[in-house]
Every structure is written in structure tokens, then in C-alpha cells.
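**Student:** sequence and predicted model, in that order:
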Amino acid sequence: MIAAPAACQQVTLASLKLTDFRNYKAVACDLRPGLVVLTGRNGSGKTNLLEAVSFLSPGRGLRRAKLGSVARTDGAGGWAVAADIAAGEEVRRVGTGLRSAEEASREVRVDGATAPSSEALSEYCRVLWLTPAMDGLFTGAPGDRRRFLDRLTLAIDPGHGARVRAFDRLISSRNRLLEDDAGPRWLSAVETELAEAALAVSLARQETVALLAGLIASHGETSAFPSAGLALEGDFEAGLVVGRSASEAEEAYRAALASERGRDRAAKRTLSGPHRSDLAVTFAAKNAPAALSSTGEQKALLLAIILAEAELVARVAGMTPILLLDEVAAHLDEGRRAALLARLEALGGQSFLTGTDKALFSAVNDSGQFIEVVDGRLLGA
Ligand SMILES: Nc1ncnc2c1ncn2[C@@H]1O[C@H](COP(=O)(O)OP(=O)(O)OP(=O)(O)O)[C@@H](O)[C@H]1O
């Protein structure tokens, strides 16, 4: 369950330092709250810098890259991202990276002390992003939308990552037991745990969807961005969860798993559960699936969801999120671009925007910070 809302604190990066990170050998910059605009030619390193910031949150960053591939090609194999994170009067020095190419997981340090895992980062900042790679989200595979929803959930509920990992591990265990023709006692033990994990994952996702849908609806159609209808759809939710208490739903799934062993053994995988559910998104004004909307409409819908999520994070986590908006401005008309800047200002946190053309950001006022990226160097920072 998500904790009660706290008073919202502005959380921003006061400085950023990259070492052997993709095309950056060693750069450092001081940053200001508000809008940070990165401009530069294709391939100069704008997205790489956003990716570096995304590593200040749990997981594998905005490209979901293999950690070793992030290291600069001509470097020694390791890489590092360090930042001063300012929250009110307090500043924390947070760093992450790989010491060498051989390491399997990244190290996270906070004020010089090693943190147990990257999940610890959620305590200091929350990072949200929108990148061109997400353009096909509504037309692509359901797995990508589930991952997107899990990421949205994680930003308001830091325990969600561990929940999803536990569920995935238990699904793999059950599949292995089925393959090995294990006896019912072994299967029952795993299925009992699996049912509990499945329900926890599904309920957390449903809560995120409900909170986000409520926030989007509160903006209404008067907003410059289209209203997105959101729903978590799947046989698991419709058949087992709706109309039942949590413990009844857990028991119903456990019983279903027990009766589906033969089918799942033949299929070589577990065919029912929240790992088959989907985030259904509709263009509310037209009551049409987002997948049937135009390219521009789909982009606007995604942006509407991310902006609503940013507000939700501020309300639920009590800290303004750091937003990474890669090449978003280029796809908006002038009116929507101005509306985006106004929304970001109203959020009161820190937002990184990229584009090849500085002219796209002419409406950014004097308090905005402009950084020119030139082949892995930062000018004006
Ligand atoms: N591990 C790495 N080591 C060195 N350079 C890398 C590494 N990974 C990617 N690059 C380089 O980084 C550059 C891409 O940077 P990035 O994606 O940040 O560009 P961009 O400024 O966002 O460009 P665009 O405007 O086209 O989106 C490419 O030239 C790529 O070769």
C-alpha cells in the first residue's frame, strides 16, 4: 500500500559528474532547478546525459542497457555517474557505476557509504523519462506496457521492484518444476508463494492506474494534452481479482494454478497470471484505443501520462521528480510547447529537455539553463 502523502519538497540535481560514461570521458557541470535544456547535433551525447541521470534511479536506466555497454568504448571498462542531490537545505552526494567491466551489478554510494542496492536511490530522488524509443509503446508488445506500468508504480511505491522480481522468480521456479515433473508437494509450495506475489503485483499496479486515471481526469479535456483513459486488463484481474477480497483472490489463483498444471506443463510455461495482463490506454475524447490514434496523438497521450505521473510522485512521495524529456519539444506545436513549459514550471522541480535546435526553446525564460552538447563536452554548464 502506498504511504500517505507528505508535504512536497523540491528535489533537484545541483551538480552532475560523468566519468567514462558512453561518449563522455570526464565532464562535470553545476545545475540549477527548473528547466535544463540540452541542445546539440545528432549523436553529440544529449540522450547519453539523460541516461546518466536515469541511473540515479533503480534499474538499468532509460535504455535498459547492459551495464558493461555503458562504459566508454575507449575507456578502461568502468564508468561512474555522481550527483549532488539537493532537497531543501540538505545536499546528498550520490554516485553509481561499475568499477570494472567484470562487475555484474552497479555500485551505489550515498555520502561515501555503499548502499545495499540501487533501490536505495528512491530515497533521495525519483526520476521519470520519456524518450523516442517509447513511441511505439501503445502498438508494441504488452510486455513493454507492463514494464512501463511497473516503472510508473515503482516511482510512487519503491517496494514494487522487489515485488516484481519475487513474482518473476517464482514463475520461473514453477515452470522449472513443471518441466522436471516435480511432485504436487513441491508445486503446491511454490504456487502458494506465487499466488501471494501475484496478488501483490496486481494490486500495486491497479492502485497506480486508479491514482493516475483520477489525476488525468481532474485535468479534464481543457488541458493542452489529451486525456488518457487507463485500465489494467487481463484474465487475472477480470477473472480472479474483481469482486473478491485479496485473500479470496489469492486462494482462487492458487487453486487455478493447481488445476492448470497439465496445461501449463504442455505449454512449457505458466499461462495465467498478472504476467499476462496489459495496460490498456484509450484516447478518452474519442473513446478509441491509443494504438489507433495518430502518431502525434500517441506522443501527446504519453506525455500526458508522464506529466500526470510527475504530479502523482510529488503528491505521494512528497518530492518533486526529476523529469527527462528526450526530443519531446520538436514534436509539439507552439501552443502545446508553451503549455508543456507551463506544466513543468508548475511542477516546481527540475526537468531536462533535449533538442537539436535551440530555437524550439525560445519560450524558456531567463531562469532556464541552456547547455550545449558537443561531442561529449558540455558548453555553457
Ligand atoms: N559506450 C560508448 N562509448 C563511446 N561512445 C558511445 C557509447 N555508446 C554510445 N556512444 C556514442 O554516443 C553517441 C550517441 O549519443 P546520444 O544518443 O546521446 O546522441 P544524441 O545527442 O541524443 O543524438 P540524437 O539527437 O540523434 O538523438 C553516438 O555517437 C554513439 O556512438
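**Tutor:** Received the coordinates, thanks.
**Student:** isn't D264 right next to T270, touching?
**Tutor:** Yes - counting by Cβ atoms under 8 Å, D264 touches T270, with 5.2 Å between them. (Each C-beta comes from the backbone N, C-alpha and C, glycine too.)
**Student:** okay, the two: which has more neighbours?
**Tutor:** Using other Cβ atoms under 10 Å as the criterion, D264 and T270 rank with T270 on top: 22 against 17.
**Student:** my read: the more buried one touches R174, true?
**Tutor:** Yes - counting by Cβ under 8 Å, T270 does reach R174; the two are 5.6 Å apart.
**Student:** how much space separates A195 from T114?
**Tutor:** Computed as Cβ to Cβ, to the nearest Å, the A195 to T114 distance reads 35 Å.
**Student:** between those two, which is the more surrounded one?
**Tutor:** Neighbours per residue, other Cβ under 10 Å: of A195 and T114, the larger number sits with A195, 24 against 10.
**Student:** the more buried one: what's it in contact with?
**Tutor:** A195 sits next to E250, E251, Y253, R254, L257 when contact means Cβ atoms under 8 Å, 6 or more residues apart in numbering.
**Student:** and the last one, how many residues sit next to it?
**Tutor:** When neighbours are counted by other Cβ under 10 Å, L257 registers 22.
**Student:** just give the nearest non-adjacent residue to it, would you?
**Tutor:** Leaving aside its sequence neighbours, L257 sits nearest to E191 (Cβ to Cβ, 6 or more residues apart in numbering; 4.4 Å).
**Student:** how near is the residue sitting nearest the centre point of the chain to I85?
**Tutor:** When Cα atoms, centre = their mean is applied to the chain, the residue found nearest the centroid is R151 (3.5 Å). Going from R151 to I85 by Cβ to Cβ gives 20 Å.
**Student:** list phi and psi for D30.
**Tutor:** According to degrees, to the nearest 10, the main-chain angles of D30 amount to phi -90, psi 140.
**Student:** ok, back up a step: tell me who's in contact with the closest residue to the residue nearest to the centre of the chain other than its chain neighbours.
**Tutor:** Nearest non-adjacent residue to R151, counting by Cβ to Cβ, 6+ apart: G59, 7.7 Å away. G59 sits next to S118, R151, L154, G161 when contact means Cβ under 8 Å, 6+ apart.
**Student:** any idea how far G59 lies from the ligand?
**Tutor:** Distance, G59 to the ligand, using Cβ to the nearest ligand atom, to the nearest Å: 18 Å.
**Student:** pLDDT at that residue, what is it?
**Tutor:** You'll see G59 listed with a pLDDT of 93.
**Student:** what does this protein have sitting close to the ligand?
**Tutor:** Proximity of the chain to the ligand (Cβ under 6 Å from any ligand atom) is limited to residues 22-23, 40, 42-48, 69, 71-73, 356.
**Student:** of those residues, select the buried ones using a ChimeraX command.
**Tutor:** The ChimeraX selection below is limited to those of the residues of the chain next to the ligand classed as buried (16 or more other Cβ atoms under 10 Å):
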select :22,23,40,44,45,46,47,48,71,72
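**Student:** in the lengthiest helix in the chain, what counts as buried?
**Tutor:** If you go by DSSP state H, the chain has its longest helix at helix 184-219. Residues of helix 184-219 classed as buried: 187, 190-191, 193-209, 211-213, 215-216, 219 (neighbour count, 16+ other Cβ under 10 Å).
**Student:** circling back: show me the contacts for the residue nearest to L257.
**Tutor:** R174, R254, L257, A258.
**Student:** 10 Å instead?
**Tutor:** 170, 173-174, 177, 184, 198, 253-258, 260-261, 270 (Cβ atoms under 10 Å, 6 or more residues apart in numbering).
**Student:** where do the strands sit along the stretch 101-250 of the chain?
**Tutor:** Along the stretch 101-250 of the chain, the segments classed as strands by DSSP state E, counting those that start in this stretch run 107-110, 113-114, 127-130, 228-233.
**Student:** L18 and A52: what is the separation?
**Tutor:** Computed as Cβ to Cβ, the L18 to A52 distance reads 5 Å.
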